[in-house]
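Q: I would like the atomic coordinates for the input below:
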Amino acid sequence: MKVLVACEFSGIVRDAFIARGHDAWSCDLLPTEHEGPHIKGDVLAVLRDGWDMMIAHPPCTYLCNSGVRWLREREGRWELMEEAATFFSILLNADIEHVCVENPIPHKYAVRAIGGRKYDQIIQPWQFGHGETKATCLWLNNLPPLRPTDIVDGRHGRVFMESPGPERSKNRSRTYQGIADAMAEQWV
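A: Model (predicted):
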């Protein structure tokens, strides 16, 4: 299967699919953190390159519920939210047979801006072998919901508590290995 992992610099999801014999590529404006097939550039330029599946991780800054308060408090945020919603919608509606778009829980304005479609599933890292919380929504086109693989105790909000700094955004956006493995195992 030819798999595009959109907006992924870490290579975690890409490598999980490669480990199972798929032709998987990550694509991001940033270089990849781990050596492997990676397109450094705009994912919109490669959407029509014959992919069988796409797992997309579009930026969530302006769409997620945790940032809704800034829409009214910071100038230009509404326009940035509309741009982010347009990008999200393009990925969600791409002409690819199997699509998953992941993002945190969206605020009501984002849901409206992406056409009113709500997510199909919410998953947590603790359902896939990691003792942490990070509600992650999945919008699924022609893919089944992920089944938990390893429910663990000791749950804490490491991602939520990430310290401010230059790496904060990157650290908060990486997919957990257990979730990546579940995607590669269950979505074939």
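Q: gap between A45 and K108?
A: Going from A45 to K108 by C-beta to C-beta, to the nearest Å gives 32 Å. For the C-beta atoms, the positions are set from N, CA and C on the backbone; glycine is no exception.
Q: please tell me the pLDDT value assigned to the residue sitting nearest the centre point of the chain.
A: Nearest to the mean C-alpha position of the chain, counting by C-alpha atoms, centre = their mean, stands H57 at 2.6 Å. The confidence metric pLDDT takes the value 97 at H57.
Q: do P31 as well
A: pLDDT, the model's per-residue confidence, is 96 for P31.
Q: with R158 instead?
A: Here, the pLDDT recorded for R158 equals 64.
Q: okay, now R174: neighbour count?
A: Neighbour count for R174, taken as other C-beta atoms under 10 Å: 17.
Q: contacting residues for it?
A: Contacts for R174 (C-beta atoms under 8 Å, 6 or more residues apart in numbering) come out as S10, I12.
Q: kindly report the same for G154.
A: Neighbouring residues of G154 by C-beta under 8 Å, 6+ apart: G131.
Q: helix/strand/coil for it?
A: coil (DSSP: H, G, I helix; E, B strand; the rest coil).
Q: how near is it to I122?
A: In terms of C-beta to C-beta, G154 sits 20 Å off from I122.
Q: so V101 lies in a strand, does it not?
A: Yes. Under three-state DSSP, V101 falls within a strand.
Q: and it, what are its bridge partners?
A: Legend: beta-bridge partners of V101 under DSSP bridges are A56, W139.
Q: quick one: residues contacting it.
A: A56, H57, P58, F88, L91, L92, L138, W139.
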